[in-house]
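J.: Build the 3D model from these lines:
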Amino acid sequence: MTFVWLVPTMSKHATGLSGLNEFDIEEFEGDEPIKSLGEGYFTFDRDLNKRYGPRVFGGDLLENESGLWVVSTRLRDFFIAEEIVDVHFVSVDIFEGRKKHEGYFVMQFLTGIDGIDERESTISYGFGGVLYVDNLALRADVIGDDKLFKMSELPDAVFATEEFAAKMKAEGFESFLIKPLSEFGAI
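T.: Predicted coordinates for the structure are as follows:
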């Protein structure tokens, strides 16, 4: 089984967002589902969108400064239909000026997998965690049947089987890059 790294990105149809405002994103690090973001919200990042060319609001996976997975209702429904395990979706508001966009969710990964192949990967540890990774390799025997997942040691990255990433592309979700694990590097 081959695994890939999924990276949200802006595209012609995908918007860039600010960081999550009025909410402590460290709460996403726990394994309890977040019930509500309260007053938390994102804004359409005009500066980011100017740098990459004019954008009309939209997209299924929205890149944002907080590094969270912000997904459309369509992408959320796809993940539910695909029975992605140990995830939770919490509704979030997105503002473009005074206009409020609804139908978006922050995807919360409730668990991570301890599946890094330490023999095949080059990892530097320090400050209580992973400092740097090069030549990342994952253990299929530990990951099992999971199609989309996070690694416990690398909580900011999302991985998938190559087959599942291709299925996402075939369904028309375009606002992410599929990168081979050989390109993964964390500092």
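J.: From residue 100, how far off is residue 168?
T.: Here residue 168 is placed at a distance of 27 Å from residue 100 (Cβ to Cβ, to the nearest Å). Every residue, glycine included, has its C-beta placed from N, CA and C.
J.: okay, the two: which has more neighbours?
T.: Shown here are residue 168 and residue 100; by other Cβ atoms under 10 Å, residue 168 has more neighbours (22 against 10).
J.: What's the first helix or strand after the host helix or strand of the more buried one?
T.: Assigned by DSSP states H and E, residue 168 falls within helix 162-170. Going down the chain from helix 162-170, the next helix or strand is strand 176-180, by DSSP H and E.
J.: In this structure, mark out all the helices, start to finish.
T.: 46-51, 73-81, 140-143, 162-170 (DSSP state H).
J.: and the shortest one, which residues are buried?
T.: Which is helix 140-143. residue 143 (16 or more other Cβ atoms under 10 Å).
J.: How far does it sit from its chain's centre?
T.: Distance, stretch centre to chain centre, for helix 140-143: 21 Å (Cα atoms, centre = their mean, to the nearest Å).
J.: Then stretch 179-187?
T.: For stretch 179-187, the distance to the chain centre is 15 Å (Cα atoms, centre = their mean).
J.: when you give positions from now on, start the count at 50
T.: That works, and once the first residue is 50, the last one we named lands at stretch 228-236.
J.: Tabulate the CA atom coordinates of that stretch in CSV.
T.: Listed next in CSV are the C-alpha coordinates belonging to stretch 228-236 (Å, rounded to 0.1, in the frame of the first residue of the first chain):
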residue,chain,number,x,y,z
LYS,A,228,2.5,14.8,-2.6
PRO,A,229,4.7,11.6,-2.2
LEU,A,230,6.0,10.9,1.2
SER,A,231,9.5,11.5,-0.2
GLU,A,232,8.6,15.2,-0.3
PHE,A,233,7.5,15.4,3.3
GLY,A,234,9.8,17.4,5.6
ALA,A,235,8.7,18.9,9.0
ILE,A,236,10.6,21.4,10.9
